[in-house]
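> Sequence first, predicted coordinates after that:
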Amino acid sequence: MIAKIGKGSNMYGAILYNQQKVEKENGAVLLLNKIPDTVDGNYSVAYFNKCFESYLSANIKTEKTVRHISLNPDPKDQISDEQFMEMAQEYMERMGYGNQPYIVFKHTDIDRTHIHIVSTCVGTC
């Protein structure tokens, strides 16, 4: 498993990147933590961005409030959606981000299925 942790200040861009994969049918939203479901189960970049607003405005002194994490298993590994969700939850707990809002996206656009986690570090940095 290879993990890549990106730090940035553009929540909209991180969400847009992942949501575009979903819209092109090369991805899916697997898990929401501390983010409410929508009535119809459909999500938009604007909806997700709004869900993070209160966290991002809570600490304007933090420069890089966005965490964009990619977890990449070996291409030979056959991992179910449930296993990906458990993996993401355990990873976030161990990194100290378990109580933060986050979105887990599954990507299927390359030869290995992998996940991306979009979150914020405000309150736990």
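Cool, got the structure. Note that the structure is predicted; figures quoted are calculated from it, not measured.

> Who are the contact partners of Met95?
By Cβ atoms under 8 Å, 6 or more residues apart in numbering, no residues touch Met95. (Each C-beta comes from the backbone N, C-alpha and C, glycine too.)

> Would you verify that Glu93 is located in a helix?
Yes - secondary structure assignment places Glu93 in a helix (DSSP: H, G, I helix; E, B strand; the rest coil).

> which residues sit in contact with it?
Counting by Cβ under 8 Å, 6+ apart, there are no residues that Glu93 touches.

> For Met87, see how far away it is.
As judged by Cβ to Cβ, to the nearest Å, Glu93 and Met87 stand 11 Å apart.

> Surely Ser44 touches Gln19?
Yes - in this structure, Ser44 is within contact of Gln19 by Cβ atoms under 8 Å, at 7.1 Å.

> Quick check: which element contains Asp97?
You called it Asp, but residue 97 is Tyr. Using DSSP states H and E, Tyr97 maps to neither a helix nor a strand.

> and it, how many residues sit next to it?
Other residues within reach of Tyr97, judged by other Cβ atoms under 10 Å, total 21.

> my guess is it meets Arg67, correct?
Yes - assessed by Cβ under 8 Å, Tyr97 is found in contact with Arg67 at 6.9 Å.

> Need the residues touching each of these two.
Ser119, Cys121.

> Quick check: which ranges of this structure have low pLDDT?
Low-confidence segments of the chain, defined by pLDDT under 70: 123-125.

> Strands of that one, residue ranges please.
2-8, 27-33, 66-72, 102-107, 114-120 (DSSP state E).
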